[in-house]
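Student: Quick one: sequence and predicted model below, then my questions.
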Amino acid sequence: MSKQKTSFVYVTYIRSTPEKVFEAITKPDIARRYWGHENVSDWQPGSKWEHVRANDERTVELVGEVIETAPPSRLVISWANASEASDPEAHSRVTFDIVEYESMVRLTVSHDELEAGSGMANGISKGWPAVLSSLKSYLETGTPIDVFARPKNEG
């Protein structure tokens with residue numbers, strides 16, 4: 001019996017260009033500023049990509065493969081924890097759709113093929129809003145938010 005799958009979709013509008021948004025996702029030196037990680041690949045279909053923590057340890061936390069690339073409007077990658085890279089069942093898929101709207105961009109991130117109730121599904125539902133808010137802040141103001149911030153105790 002196959003496991004139940006779920007998906008997560010996040011849409012945001014950014015005062016930027018499709019080219020700058022695509023570069024922010026795919027260029028390691030930009031991604032590290034707002035994400036705290038670098039996305040490392042040559043971004044050709046079939047190529048591997050790695051999500052590398054931008055610190056002294058340089059831990060590879062996520063891995064996958066480039067499924068489709070159409071700069072600056074679309075990028076599709078597979079996505080898995082590095083520890084589960086060899087298990088095809090552990091891979092999900094992320095699609096970045098970038099559409100120009102006059103002086104801004106609509107960025108839609110669809111993360112699907114997730115195992116319902118899994119740690120990955122739970123993690124990305126918190127992670128994507130923080131990362132994409134940071135991307136928006138960074139591109140619009142030059143200053144990212146702290147994607148590693150935690151809620152303050154309410155007691």
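Tutor: Arrived safely, thanks for sending.
Student: Please, where are all the helices along this structure?
Tutor: Listed in chain order, the helices of the chain (DSSP state H) span 18-26, 28-35, 119-141.
Student: right, so of these, which gets closest to residue 49?
Tutor: helix 18-26 (8.9 Å; Cβ to Cβ). All C-beta spots, glycine's among them, are computed from the backbone N, C-alpha and C.
Student: Can you show me the CA trace of that closest one as CSV?
Tutor: Extracted as CSV, the C-alpha positions of helix 18-26 are listed here (Å, rounded to 0.1, in the frame of the first residue of the first chain):
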residue,chain,number,x,y,z
PRO,A,18,12.1,37.5,-12.9
GLU,A,19,15.8,37.4,-13.5
LYS,A,20,16.7,38.6,-10.0
VAL,A,21,14.3,36.2,-8.3
PHE,A,22,15.6,33.2,-10.4
GLU,A,23,19.2,34.2,-9.5
ALA,A,24,18.3,34.6,-5.8
ILE,A,25,17.2,30.9,-5.8
THR,A,26,20.0,29.5,-7.9
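Student: per-residue confidence averaged over it?
Tutor: For helix 18-26, mean pLDDT rounds to 98.
Student: what's it packed up against?
Tutor: With contacts defined as 3 or more Cβ pairs under 8 Å, 6 or more residues apart in numbering; DSSP states H and E, the secondary structure elements packing on helix 18-26 are helix 28-35, strand 74-81, strand 92-101, strand 104-115, helix 119-141.
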